[in-house]
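Asks: Task: produce atomic coordinates for the following.
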Amino acid sequence: MFAPALRLSALGLALGLLLPAARADDKPADKAVDLTVGDPAPVFETVDDQGKGWKARDHYGKKWVVLYFYPGDFTPGCTAQANAFRDAMNKLTDQGVEVVGVSGDSVQTHERFKKAQKLNFTLLSDEEGVLAKQFGVPAAKGAEFKAKDADGNPIEIKRATTLSRWTFVIGKDGKVAYKNTKVNPAADAKAISEFVGKELEKK
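Replies: Just a heads-up that it's a prediction; the model follows:
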């Protein structure tokens with residue numbers, strides 16, 4: 001008559017021994033990155049719009065590096081933002097600024113977008129949102145849509161992930177000098193130029 005009780009007791013003991021081990025093996029959830037001005041900028045490696053490797057360490061410390069994350073190529077707001085940087089490039093270059101755009105689009109889509117808009121700066125591909133995560137930039141699901149290439153031919157775009165529109169400026173010391181999480185696409189280039197101009201006046 002005591003056998004069932006003994007079996008239950010043994011089972012409880014076994015579970016008690018197993019559960020702590022299972023909890024110990026669980027990996028803690030990754031904490032969201034929250035970069036602030038003055039923090040060291042993440043050092044990373046990815047690929048550009050030509051499929052070539054792009055290493056942050058080769059660019060940090062030489063110029064003011066504008067790293068702007070945007071939702072996707074060929075969309076209205078992102079096109080306006082890219083064109084604003086394109087049109088302001090002479091002034092930005094004179095200020096010692098390098099502009100780099102980042103989205104979840106593929107290298108091929110970046111290449112098409114850059115050609116269609118005649119962009120004069122680098123675009124980086126972050127299809128899995130790895131770079132965005134390092135900078136704490138929120139990412140959502142990708143999308144599929146239709147657009148036209150530089151020759152006006154219809155193309156279908158498939159984006160793996162959609163990043164939020166955030167802009168960072170990395171100072172020559174390799175630290176975050178500027179962070180904007182509420183970017184006005186068409187006015188972003190002007191805002192960056194004004195910021196860098198004021199910083200240069202301090203020196």
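Asks: Can you classify the residue nearest in space to the middle of the chain by secondary structure?
Replies: The centre of the chain sits closest to Ala132, judged by CA atoms, centre = their mean, with a distance of 3.1 Å. State at Ala132, reduced to three classes by DSSP: H, G, I helix; E, B strand; the rest coil: helix.
Asks: what about it, distance to Ala191?
Replies: Per CB to CB, to the nearest Å, Ala132 is found 21 Å from Ala191. Placement of C-beta: from N, CA and C, glycine included.
Asks: Ok, Gly51 next?
Replies: On the measure of CB to CB, Gly51 and Ala191 end up 31 Å apart.
Asks: the more surrounded of those two?
Replies: Taking other CB atoms under 10 Å, Gly51 and Ala191 do not tie; Ala191 has more neighbours (16 against 12).
Asks: I'd say that one and Lys182 touch.
Replies: No: with contact defined as CB atoms under 8 Å, Ala191 does not count as touching Lys182 (10.8 Å).
Asks: residue ranges of the helices in the chain, please?
Replies: 3-25, 76-87, 89-94, 107-117, 130-135, 188-201 (DSSP state H).
Asks: Would you mind checking which of the ones you listed scores lowest on average pLDDT?
Replies: With a mean of 41, helix 3-25 has the lowest mean pLDDT of the helices of the chain.
Asks: CA-only coordinates of stretch 126-133 in PDB, if you can.
Replies: Once non-C-alpha atoms are left out, stretch 126-133 reads as follows in PDB (Å, rounded to 0.1, in the frame of the first residue of the first chain):
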ATOM      1  CA  ASP A 126      22.600  44.300 -42.700                       C
ATOM      2  CA  GLU A 127      20.100  41.600 -43.800                       C
ATOM      3  CA  GLU A 128      20.000  39.800 -40.400                       C
ATOM      4  CA  GLY A 129      19.900  43.000 -38.400                       C
ATOM      5  CA  VAL A 130      23.200  42.100 -36.600                       C
ATOM      6  CA  LEU A 131      24.700  45.600 -37.000                       C
ATOM      7  CA  ALA A 132      21.500  47.200 -36.000                       C
ATOM      8  CA  LYS A 133      21.400  45.100 -32.800                       C
END
